[in-house]
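Chemist: Got a predicted model here, sequence first, then my questions.
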Amino acid sequence: MTEETFDPRFTVKTKYWHKLPDGRVQCDICPRECKLRDGQRGFCFVRAAQDGEIVLTTWGRSSGYCIDPIEKKPLNHFLPGTPILSFGTAGCNLGCRFCQNWDISKSREIHTLTDQATPEVIAKAAEKLKCRSVAFTYNDPVIFHEYAIDVAKACHERGIKTVAVTAGYQCAAPRAEFYRHMDAANVDLKGFTEEFYEKICIGKLQPVLDTLKYIRHETDTWLEVTTLLIPGKNDSDDELKRLSEWMLRELGPEVPLHFSAFHPDFKMLDVPPTPESTLTRARRIARQAGMHYVYTGNVHDTDGGTTLCHNCGEELIVRDWYVLEKWNLKDGKCPKCGTACAGVFEPKPGNWGAKRQPVHLADFAA
């Protein structure tokens with residue numbers, strides 16, 4: 001078999017790997033621990049073996065850039081109402097049968113990566129476009145670790161925040177380095193059983209739980225969590241109760257929890273969409289367990305998008321989809337009882353609304 005060669009313009013060396021006695025090299029970026037010979041790509045597609053070490057083959061390349069509302073990540077307690085410059089690459093280190101971004105994350109075609117930009121160009125574009133932050137999203141930044149960190153460094157030099165939208169499937173050493181450079185993260189907790197992760201995500205649950213605890217207790221990164229509820233797969237009362245109680249016990253009541261609606265996609269076209277009643281039920285279970293901030297997503301549910309004061313029940317932020325209809329925070333606190341609302345807030349919210357604006361970064365390269 002002919003070894004694959006990788007475009008040297010977008011290939012960089014990495015440090016999370018080690019050599020095996022049989023001559024192969026093992027990638028240590030995530031628990032999948034792909035063992036490769038030169039010219040072979042890992043499960044994620046973008047990390048590969050070359051000259052006896054692991055390289056990233058997509059440094060500086062992207063599937064496209066877009067300005068989104070930050071609530072779409074979803075982040076409800078991090079700079080609400082502000083625009084965020086979003087991008088991803090290709091590939092993923094999980095194999096979720098229900099992937100909603102499968103055309104990007106499951107891509108095995110390098111032609112998916114139609115745009116390219118250096119970290120400095122991305123930071124410059126974010127600044128000129130008045131984006132308060134940059135999101136690594138659409139596919140998992142764990143697999144383009146080096147590129148994400150380089151972009152984060154360039155953004156921080158210009159006062160731009162960075163956000164990771166991730167499944168949290170990481171090994172300990174790269175995880176520690178990665179979150180030193182992230183200001184906020186939304187982690188997909190895809191289910192709460194090992195069986196769900198093994199059969200539907202082709203992965204394991206425990207490393208994700210370890211990542212959640214690490215972010216919450218060992219970093220300054222603002223954390224929110226999302227679970228996509230799939231009918232008959234991860235939406236039982238018992239599983240939702242155990243998930244919520246684990247969140248309360250291990251992460252604390254102030255970590256926002258989002259329950260999102262599934263729609264048939266990728267390899268789960270035979271499963272019906274999530275009823276809105278399921279999301280409402282999940283929200284009720286989590287709030288009864290003691291979680292302060294629980295939201296519904298992918299449905300039009302103003303109640304499920306509203307931030308309430310956990311002490312007195314006052315409406316603090318009312319959302320209609322991604323539009324902020326009401327802002328009732330005073331110095332990050334409830335104006336009625338003075339209780340602080342957990343999050344990263346400014347005196348006034350942004351007014352980006354629900355707009356989605358594609359961006360060509362070549363315009364900012366000069």
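Modeler: Now that the structure is in, tell me what you want to look at.

Chemist: pLDDT weak spots in the stretch 1-150 of the chain?
Modeler: Low-confidence segments of the stretch 1-150 of the chain, defined by pLDDT under 70: 1-3, 101-114.

Chemist: ok, N328 to P21 distance?
Modeler: When distance is defined by Cβ to Cβ, to the nearest Å, N328 is 63 Å away from P21. From N, CA and C alone the C-beta is placed, and that goes for glycine too.

Chemist: more crowded one of the two?
Modeler: N328 (15 against 5; other Cβ atoms under 10 Å).

Chemist: Ignoring the adjacent residues along the chain, who's closest to that one?
Modeler: L316 (5.1 Å; Cβ to Cβ, 6 or more residues apart in numbering).

Chemist: What about the one you found, how many residues nearby?
Modeler: 25.

Chemist: so what's it up against?
Modeler: Residues in contact with L316 (Cβ atoms under 8 Å, 6 or more residues apart in numbering) are 307-309, 328-329, 334, 341.

Chemist: Which secondary structure state does it sit in?
Modeler: strand (DSSP: H, G, I helix; E, B strand; the rest coil).

Chemist: swap in E224?
Modeler: Per three-state DSSP, E224 ends up strand.

Chemist: Which residues does it form beta bridges with?
Modeler: Applying DSSP bridges to E224 gives these bridge partners: N186.

Chemist: so who does L324 touch?
Modeler: Counted by Cβ under 8 Å, 6+ apart, L324 has contacts 80-81, 317-318, 349, 351, 353.

Chemist: What mean pLDDT does the helix or strand hosting it get?
Modeler: Applying DSSP states H and E as the criterion places L324 in strand 323-327. Across strand 323-327, the average pLDDT comes to 97.

Chemist: Of all the residues in that strand, which ones are buried?
Modeler: Neighbour-count burial for strand 323-327, counted by 16 or more other Cβ atoms under 10 Å, picks out 323-324, 327.

Chemist: For the stretch 251-366 of the chain, which segments count as helices?
Modeler: 276-289 (DSSP state H, counting those that start in this stretch).

Chemist: Under the pLDDT cut-off, which ranges of it? List them.
Modeler: When residues are selected by pLDDT under 70, those of the stretch 251-366 of the chain lie in 266, 366.

Chemist: now with 90?
Modeler: Scanning the stretch 251-366 of the chain for pLDDT under 90 picks out 263-270, 360-366.

Chemist: tell me the contacts of the residue most central in space within the chain?
Modeler: Per Cα atoms, centre = their mean, the C-alpha nearest to the average position across the chain is that of V165, at 1.3 Å. Taking Cβ under 8 Å, 6+ apart, we find V165 in contact with 73, 135-138, 141, 185-186, 188.

Chemist: Helices along the stretch 51-200 of the chain, start to end?
Modeler: Applying DSSP H, counting those that start in this stretch to the stretch 51-200 of the chain gives helices spanning 102-105, 119-128, 145-157, 172-179, 194-196.

Chemist: Mind putting those into TSV with mean neighbour count and distance to L205?
Modeler: Formatted as TSV, the helices of the stretch 51-200 of the chain follow (neighbours: other Cβ atoms under 10 Å; distance: least, Cβ to Cβ, whole Å):
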stretch	mean neighbour count	distance to L205
helix 102-105	20	19
helix 119-128	21	33
helix 145-157	21	22
helix 172-179	17	16
helix 194-196	13	5
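
Chemist: right, so of those helices, which gets closest to K35?
Modeler: Among those, the nearest to K35 by Cβ to Cβ is helix 172-179 (17.2 Å).

Chemist: In terms of secondary structure, what does that closest one contact?
Modeler: Where contact means 3 or more Cβ pairs under 8 Å, 6 or more residues apart in numbering; DSSP states H and E, helix 172-179 is packed against helix 145-157, helix 206-218.

Chemist: Now do the first one: distance to the chain's middle.
Modeler: Read it as helix 145-157. Here helix 145-157 shows a centroid-to-chain-centroid distance of 16 Å under the convention Cα atoms, centre = their mean, to the nearest Å.

Chemist: Look up how far D303 lies from C334.
Modeler: For C334, the distance to D303 equals 18 Å [Cβ to Cβ].

Chemist: on that earlier part again, closest one to V299 out of the buried residues of strand 323-327, please.
Modeler: Nearest to V299 among the buried residues of strand 323-327, with distances taken as Cβ to Cβ, is V323, at 15.0 Å.

Chemist: residues in contact with the spatially closest residue to that closest one that is not a sequence neighbour?
Modeler: In space, and not counting its chain neighbours, V323 is closest to G353: 5.0 Å by Cβ to Cβ, 6+ apart. Residues near G353 by Cβ under 8 Å, 6+ apart: 69, 81, 322-324.

Chemist: looking at it, T280 is touching V294, isn't it?
Modeler: No - taking Cβ atoms under 8 Å as the definition, T280 is not a contact partner of V294, at 10.5 Å.

Chemist: Looking at these two, which has the bigger crowd around it?
Modeler: A direct count of neighbours by other Cβ under 10 Å for T280 and V294 places V294 higher, at 22 against 16.

Chemist: tell me which residues form a beta bridge with that one?
Modeler: L257.

Chemist: Pull the contacting residues for it.
Modeler: 256-259, 282-283, 286-287.

Chemist: ok, so of those, who is nearest D7?
Modeler: Closest to D7, out of all of the contacts of V294 and judged by Cβ to Cβ, is H258, at 37.3 Å.
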